[in-house]
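Peer 1: got a predicted model here, sequence first, then my questions.
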Amino acid sequence: MVKRGLIGLMVVALGWGLVGCRSMRTEGAAGEQTAKIRIKALIDGADTIHIQGNRVWYKHHAYQLPGLSDGLNEPTIINGREWRPNWVGDESSVFEELDPPLPPDARVTVERVRGRGRIFWEQPSPENNGTLKITIDDRGPNAAAWYVLDIDW
């Protein structure tokens with residue numbers, strides 16, 4: 001009985017790891033609402049992820065488009081949901097199903113869970129129409145790398 005329970009627990013834990021982090025809303029110490037999303041993407045070069053409300057899109061800067069490295073066609077995974085953007089030049093189509101949506105005045109932290117390059121971000125503000133901009137710079141090493149980002153507010 002104990003062995004079966006441990007196996008079930010391991011399957012649940014593996015399932016969480018395979019599908020990523022689902023959107024999560026919790027209440028902070030002062031009663032304010034907090035939220036978390038996870039983005040997993042294959043990056044080769046430099047790209048900026050834009051998040052505004054329930055919308056997510058890329059601006060591509062260098063090397064190969066996200067997910068399309070060396071003949072691959074890997075999705076970006078947002079809160080466990082696959083997204084394969086279409087591209088017009090250096091700008092992707094828009095994923096419009098982000099849940100929870102990012103508030104325009106959110107104070108955001110970004111944690112790199114996986115990846116090797118530099119990560120930096122611009123907070124949402126009235127000056128950028130409440131858009132969080134996360135730049136991933138993977139230009140140093142050869143070949144693409146998987147990045148996993150946890151975004152909290």
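Peer 2: Noted; the coordinates are in hand. Since we're looking at a predicted model, the values are computed, not measured. Residues are numbered from 1 along each chain as shown.
Peer 1: and the helices in this protein?
Peer 2: For the chain, applying DSSP state H gives helices covering 2-19.
Peer 1: okay, which residue is most central for it?
Peer 2: Ile39 (1.9 Å; Cα atoms, centre = their mean).
Peer 1: how many residues are close by Thr131?
Peer 2: Counted with other Cβ atoms under 10 Å, residues neighbouring Thr131 total 18. Placement of C-beta: from N, CA and C, glycine included.
Peer 1: pull the number of nearby residues for the residue nearest to it when sequence neighbours are not counted.
Peer 2: Sequence neighbours aside, Gln52 is the residue nearest to Thr131 in space, at 4.3 Å (criterion: Cβ to Cβ, 6 or more residues apart in numbering). Neighbour count for Gln52, taken as other Cβ under 10 Å: 19.
Peer 1: if I look at Gly117, how far off is Gln123?
Peer 2: According to Cβ to Cβ, to the nearest Å, Gly117 stands 20 Å off from Gln123.
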